[in-house]
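Visitor: Any chance you could fold what I've pasted below:
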Amino acid sequence: MTEKQLVYLAKKNAQEKHFGALWSVLGLTGVPCSAFGSVFGLLVLGEVIDKSLTFPGFILGGVFGATFPSMLAKGSSRLASTAYTPEIKTKEQEIKYKRTYKSEIALMRQKSTAIGTLGGVVAFAAFIMLVIVGS
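Guide: As a prediction, the model looks like this:
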């Protein structure tokens, strides 16, 4: 088995085991995390450290809160179990397969979670617009 075939096999197996809808639902938690992060950043940078950093603290906290679920999903790829196929014969192939498999899992989880967060933010903004226009 060539290295190219090994990488292809690892990516294919990772994509087959990935359940994107579940990770997108996890991404929806980015909306309340963003709100909490904004308030936390506002309090820490604005009130505790310096009054002139209130707005940057609000923005930085919100960005960190929104990206937190994606970082968590990417980090969880280390916990993913790796099932080796019978085509893998040597220890070097096993190491390469595992590294590629976990890298692909991390990338797909991060993308799916980011899509969920973006969808949640858009839905929340649409809801706010409907409340404002409907009043």
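
Visitor: any idea where the helices of the chain begin and end?
Guide: Counting by DSSP state H, the chain has helices at residues 3-17, 20-27, 30-41, 54-75, 91-134.

Visitor: Please produce JSON lines containing those helices, extended by distance to Ala83 and mean pLDDT.
Guide: All C-beta spots, glycine's among them, are computed from the backbone N, C-alpha and C. What follows is these, written out as JSON lines (distance: least, CB to CB, whole Å; pLDDT from 0 to 100):
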{"stretch": "helix 3-17", "distance to Ala83": "8", "mean pLDDT": "93"}
{"stretch": "helix 20-27", "distance to Ala83": "19", "mean pLDDT": "93"}
{"stretch": "helix 30-41", "distance to Ala83": "30", "mean pLDDT": "93"}
{"stretch": "helix 54-75", "distance to Ala83": "20", "mean pLDDT": "92"}
{"stretch": "helix 91-134", "distance to Ala83": "9", "mean pLDDT": "94"}
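
Visitor: Name the residue closest to the centre of the protein, please.
Guide: Computing the C-alpha centroid of the chain and ranking residues by CA atoms, centre = their mean puts Ser70 first, at 1.7 Å.

Visitor: that older thread, format the helices of the chain as TSV; extra columns: distance to Thr82.
Guide: Shown next, in TSV, are the helices of the chain (distance: least, CB to CB, whole Å):
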stretch	distance to Thr82
helix 3-17	9
helix 20-27	18
helix 30-41	28
helix 54-75	16
helix 91-134	5
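
Visitor: who wins for proximity to Thr85 among these?
Guide: helix 3-17 (6.5 Å; CB to CB).

Visitor: Test my guess that Phe36 contacts Ala66.
Guide: No - judged on CB atoms under 8 Å, Phe36 makes no contact with Ala66 at a distance of 10.4 Å.

Visitor: Show me which residues of stretch 94-101 are buried.
Guide: Applying a neighbour-count criterion of 16 or more other CB atoms under 10 Å, one finds 96-97, 100-101 buried in stretch 94-101.
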